[in-house]
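Chemist: here's my sequence, what's the structure:
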Amino acid sequence: MLRVKSLEAFYGESQVLFGMEFGVDAGEVVTLMGRNGMGKTTTVHSIMGLLPGRRGVVEFEGTRVDHLPSFRIARLGFGLVPEGRQIFPNLSVRENLVAAAANRRGRASPWTLQRVFDFFPRLAERQTNRGTQLSGGEQQMLAIGRALMTNPKLLILDEATEGLAPLIRQEIWACLRRLKEEGQAILVIDKTVSALLPLADRHHIVEKGRVVWSGTSADLSGNSELQHRYLGV
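Modeler: A predicted model of the protein is given here:
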């Protein structure tokens, strides 16, 4: 579904990505893991067309998208849950969700307002509240729900549980497991190895703008030295 090849990216004259390469197949959950500042969010911005002047190839379902504007990339079937959530703070929960609603590919069972409320009952309870009146966990649920309302082929979550309380993190991971069971392809950027191992099919560790290791959960769980070297604090 998604193929990233030899991706390079720059902020001004400073190069951040040095040949990023990875992929996500239909129905897969794939991770990008690594310490802060290693280029994970920059990779997401490059894929989504939010960072101009990049080099390399980004393909989606066999078509190059690396030179398209971000709105056209999104319409191809990307659903982004950005770092920091970035919901519309002055809109209500309902308005945040309705603003993103689209079913461009004519899904037979699309994500609708009611389906999101069934998936996140807490949002149903808060549907008239503005974004500023939500907790961090509720904002993250809203950001995920907003992305799902676009009925994406690929859901991308950047720092899926950063800054959330442990119980809320567990709720988010449970939601992602349900999405995986429904066949949703997901790219997750996070550092919570214990939660990602049972969830994801494949993992990629990022160090200084490039993938330095790729493998399965079994490969990663059995390699404590690798975890300590690239993921330890």
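Chemist: can you give me the strands for the protein?
Modeler: Using DSSP state E, the strands of the chain run over 2-11, 14-24, 29-33, 55-60, 63-64, 78-81, 154-158, 185-189, 202-207, 210-216.
Chemist: strands paired with the second one, and their directions?
Modeler: Using DSSP bridges, strand 14-24 pairs in its sheet with strand 2-11 (antiparallel).
Chemist: got the angle between the partner strand and strand 29-33?
Modeler: Angle, strand 2-11 to strand 29-33, by axes from the mean of the first three to the mean of the last three Cα atoms, to 10 degrees: 20 degrees.
Chemist: list the buried residues for strand 2-11?
Modeler: Of all the residues in strand 2-11, those buried under the rule 16 or more other Cβ atoms under 10 Å are 2-4, 7-10. For the C-beta atoms, the positions are set from N, CA and C on the backbone; glycine is no exception.
Chemist: try stretch 147-165
Modeler: 147-162, 164.
Chemist: quick one: which of those sit in helices?
Modeler: Taking DSSP state H, the ones among these that sit in helices are 147-148.
Chemist: does Gly19 touch Val4 like I think?
Modeler: No. Gly19 is beyond contact range of Val4, at 9.9 Å (criterion: Cβ atoms under 8 Å).
Chemist: now render the buried residues of strand 2-11 as JSON lines, adding distance to Glu125 and pLDDT.
Modeler: Shown next, in JSON lines, are the buried residues of strand 2-11 (distance: Cβ to Cβ, whole Å; pLDDT from 0 to 100):
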{"residue": "Leu2", "distance to Glu125": "35", "pLDDT": "97"}
{"residue": "Arg3", "distance to Glu125": "41", "pLDDT": "97"}
{"residue": "Val4", "distance to Glu125": "39", "pLDDT": "96"}
{"residue": "Leu7", "distance to Glu125": "41", "pLDDT": "95"}
{"residue": "Glu8", "distance to Glu125": "45", "pLDDT": "95"}
{"residue": "Ala9", "distance to Glu125": "41", "pLDDT": "94"}
{"residue": "Phe10", "distance to Glu125": "45", "pLDDT": "93"}
